[in-house]
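S.K.: Sequence first, predicted model second:
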Amino acid sequence: MTTHSYWGDVEEDWAGYSSEIYFSYPFFDIPKTKVFLGDEYDEEGEEIETPPTEKQLTAFAKTYRVFIDNIENNLADLQLKSFERYKRIYAKYYENSEQSGEPPLNIDSIEKHNAYIKDLMYLRVLDNKTIKITIRYKLDTEHGIEFKFVDGQIEAVGGISET
């Protein structure tokens, strides 16, 4: 365990290192979401067993605060990119009753799609001004959906651990 002026106690957790700070935002279903600090695995795929350094934690704090300060824009981008992904990958199945065997979902707007992206699993703050947001996607719970923000911009959207 280590202690940081912003993060408080930083301890090993089920998916890396986390702190006393939780993410909370009314859009998401879960009132408090775990914030992980640093990668879970090293380049060889082994679990990281050393906590982030003081320097890393300070950089993570700056990255996280910038993300929070711009949460409205970040959330709007996340909603737009997830809806675009839905239209590109999933709509051909969910909007076609012949393929799905169910009535079409009629998801034709960001607002209608938002109901499927509210199950936030966790945030991960990484080096190089990067934050990953992992969501249990109600239309594809097997793969979920993950957003990689770099310096405040979405750089990648994919399934969990694909960004």
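M.R.: Good, I have the coordinates.
S.K.: All the helices of this protein, in order from the start?
M.R.: Remark: helices assigned in the chain by DSSP state H are 54-69, 71-85, 91-94, 97-100, 110-113.
S.K.: Show the contacting residues for the spatially most central residue of the chain.
M.R.: Centroid-nearest residue in the chain: residue 133, 0.9 Å away (criterion: C-alpha atoms, centre = their mean). Neighbour list for residue 133: 78, 120, 123, 146-147, 149 [criterion: C-beta atoms under 8 Å, 6 or more residues apart in numbering]. For the C-beta atoms, the positions are set from N, CA and C on the backbone; glycine is no exception.
S.K.: ok, now residue 132?
M.R.: Residue 132 touches 123-124, 126, 146-149, 163, counting by C-beta under 8 Å, 6+ apart.
S.K.: ok, for it, nearest residue in space, not its chain neighbours?
M.R.: residue 124 (4.5 Å; C-beta to C-beta, 6 or more residues apart in numbering).
S.K.: do the same with residue 80
M.R.: Nearest to residue 80 is residue 110, by C-beta to C-beta, 6+ apart, at 6.2 Å.
S.K.: just residue 158 next, same as before
M.R.: residue 146 (5.8 Å).
S.K.: I figured that neighbour hits residue 154, correct?
M.R.: No. Using C-beta atoms under 8 Å, residue 146 is not in contact with residue 154, being 10.7 Å away.
S.K.: quick one: the nearest residue to residue 20 once chain neighbours are set aside from residue 125, how far?
M.R.: Closest residue to residue 20 apart from its sequence neighbours, by C-beta to C-beta, 6+ apart: residue 8 at 3.8 Å. Applying C-beta to C-beta, to the nearest Å, the value for residue 8 to residue 125 is 14 Å.
S.K.: what about the two, which has more around it?
M.R.: A side-by-side neighbour count of residue 8 and residue 125, using other C-beta atoms under 10 Å, places residue 125 first with 27 against 11.
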